[in-house]
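Undergrad: this is a predicted model, with the sequence first.
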Amino acid sequence: DQQVKQNSPSLSVQEGRISILNCDYTNSMFDYFLWYKKYPAEGPTFLISISSIKDKNEDGRFTVFLNKSAKHLSLHIVPSQPGDSAVYFCAASDRDDKIIFGKGTRLHILP
Amino acid sequence: DTGVSQDPRHKITKRGQNVTFRCDPISEHNRLYWYRQTLGQGPEFLTYFQNEAQLEKSRLLSDRFSAERPKGSFSTLEIQRTEQGDSAMYLCASTSPAPTQYFGPGTRLTVL
């Protein structure tokens, strides 16, 4: 039973355009959501997070949107850069602070 | 470097051998987590510590797995009688305060 779902295994975006990565969750007890970026042979790197009491959080080129009624969140990267090519994991945290990860979306930024 | 560190980065072992991994968290972090990641999957929770107390273990953590954090600082994860299915990336993360966790580079285990 997958509580955090990233339905797109991969995404290709032209450099300079907007990248939108989507994530759905099933557990209404999740109260904190995070996005991590991962390069091969490295650990996940924290990107941005959002509390369940908010619907938007912005940090530079990265913006996360949360739609609680739809149990959906998305990560927007604009403008996309070559160094953004990586696997992006959506993750959610419950009150015990365990993090549940999705399977990831591989983002390719095309020149 | 004040990030989370893990040692070794890579470990190749034969089936049936025991292996031990070490994680050094960010120094002021009191919570330490272990995750396992296999190909095509996101990291999966194994266990976590609040200081030296192990508070939860996943059902993924069979009896062959044991984790310790004796002084509330570094932690070790031991796998006894390794099996080929144990081949994975083992990740450590720490946090204080929760919930944002910061990950180490991982230990890649290959069981032949």
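TA: Cool, got the structure.
Undergrad: where does chain A have low pLDDT?
TA: Under the criterion pLDDT under 70, the flagged ranges of chain A are A:96.
Undergrad: chain B contacts on that one?
TA: With the criterion set to CB under 8 Å from any CB of the partner chain, chain A comes near chain B through A:4, A:32, A:34, A:36, A:41-46, A:49, A:89, A:91, A:93, A:96-104. (C-beta placed from N, C-alpha, C; glycine too.)
Undergrad: and the buried ones among these, selectable in ChimeraX?
TA: Filtering those down to the buried ones (16 or more other CB atoms under 10 Å in any protein chain shown) takes a single ChimeraX command:
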select /A:4,32,34,36,43,44,46,49,89,91,93,97,98,99,100,101,102,103,104
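Undergrad: what is the burial count for A:Asn67?
TA: Counted with other CB atoms under 10 Å in any protein chain shown, the burial measure for A:Asn67 works out to 11 neighbours.
Undergrad: that one and chain B: what is the separation?
TA: A:Asn67 sits 20 Å away from chain B when distances are taken as CB to the nearest CB, to the nearest Å.
Undergrad: which strand residues bridge that residue?
TA: A:His72 (DSSP bridges).
Undergrad: my read: it touches A:Lys56, true?
TA: No: taking contact to mean CB atoms under 8 Å, the distance of 10.2 Å between A:Asn67 and A:Lys56 leaves them out of contact.
Undergrad: so where's chain B shaky on pLDDT?
TA: Low-confidence segments of chain B, defined by pLDDT under 70, span residues B:1.
Undergrad: now with 90, please.
TA: Applying pLDDT under 90 to chain B flags the ranges B:1-2, B:28, B:39-40, B:55-62, B:71-72, B:96-100.
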